[in-house]
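K.L.:
need a structure here:
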Amino acid sequence: MKNKLPVESGTHVNHTPRLLHPGLWGLVNNAGIAVPVAPNEWLTKDDFVRVLDVNLIGLIEVTLSFLPLVKRARGRVINVASIMGRLAFFGGGYCPSKYGVEAFSDSLRREMLPFGVKVCVIEPGYFSTAVTNPQLIIENFTRLWKRLPEETKASYGESYLKAFIHATRDLPKSCNSDLSVVTGCMKHALTARHPRTRYSAGWDAKLIFLPLSYLPTWFADFVLTWSYPAPAQKV
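P.N.:
Take a look at the predicted model:
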């Protein structure tokens, strides 16, 4: 017996059946890169553009390409941002790109409401992925340091670079290796009858970074910078 497909009312059995709402039910935008990452003064415009092109412009391009199919299915768009789309921990294009993902998702969600399309944002904390790979980050720091003007190097000092490298080696201790926490959020966003607008993935996102984003800015600045290394020419 042939599989029966849902057909539009009035379709004759001898005709080829048509799906009621052909289209794409779910689109998950998860691609992202972090390097080049460093203090903003160490970077160039091209360094920012490289990250923004993948994390934000690429996400927008993919979404706009598939949006007609998602509208047809009255489906879901799930964009993976980051808790760093709420708090900018470090310089470079990563945090601005995630803030952009948040803004794009908010505007798209409001525009898609009349069409029955739901737009969700996932905001993971620290997880063990290529983005938090210590070796890649340290190689990135070293490469960027070598190209800096001597005046900039002198203002930060070699000890600043060494402290950054030391902290990066300890980064895996703060990262969750259980990626099912994030994929579980994706699954719920795709399959739940009433998906959440935002998902905080990871205990650090839920208990530290999300609450911190709602506190006064001066307090967030204090918490996020207390472990920063001191530059050689600080005032």
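
K.L.:
skipping its backbone neighbours, what lies nearest the residue nearest to the spatial centre of the chain in space?
P.N.:
Among the residues of the chain, residue 81 comes closest to the average C-alpha position under Cα atoms, centre = their mean, at 2.6 Å. Across the structure, with Cβ to Cβ, 6 or more residues apart in numbering as the measure, the residue nearest residue 81 apart from its sequence neighbours is residue 101 (4.2 Å). All C-beta atoms are positioned from the backbone trio N, CA, C, and that covers glycine.

K.L.:
wait, a strand at residue 151?
P.N.:
No: under DSSP: H, G, I helix; E, B strand; the rest coil, residue 151 falls outside any strand and is assigned helix.

K.L.:
what is the burial count for it?
P.N.:
Using other Cβ atoms under 10 Å, residue 151 has 8 neighbouring residues.

K.L.:
hmm, back to that, how near is the residue nearest to residue 81 to residue 212?
P.N.:
Between residue 101 and residue 212 the distance, using Cβ to Cβ, to the nearest Å, works out to 19 Å.

K.L.:
and what of residue 220?
P.N.:
Spatial separation of residue 220 from residue 212 under the definition Cβ to Cβ is 5 Å.

K.L.:
can you check residue 144 too?
P.N.:
Shown here: residue 144 relative to residue 212, a distance of 28 Å by Cβ to Cβ.

K.L.:
for residue 187, same thing?
P.N.:
Applying Cβ to Cβ, the value for residue 187 to residue 212 is 27 Å.

K.L.:
cool, and residue 50?
P.N.:
28 Å.

K.L.:
residue 231 versus the closest residue to residue 41 other than its chain neighbours, what's the distance?
P.N.:
On the basis of Cβ to Cβ, 6+ apart, the spatially nearest residue to residue 41 that is not a chain neighbour turns out to be residue 152, at 6.4 Å. Relative to residue 231, residue 152 is positioned 10 Å away (criterion: Cβ to Cβ).
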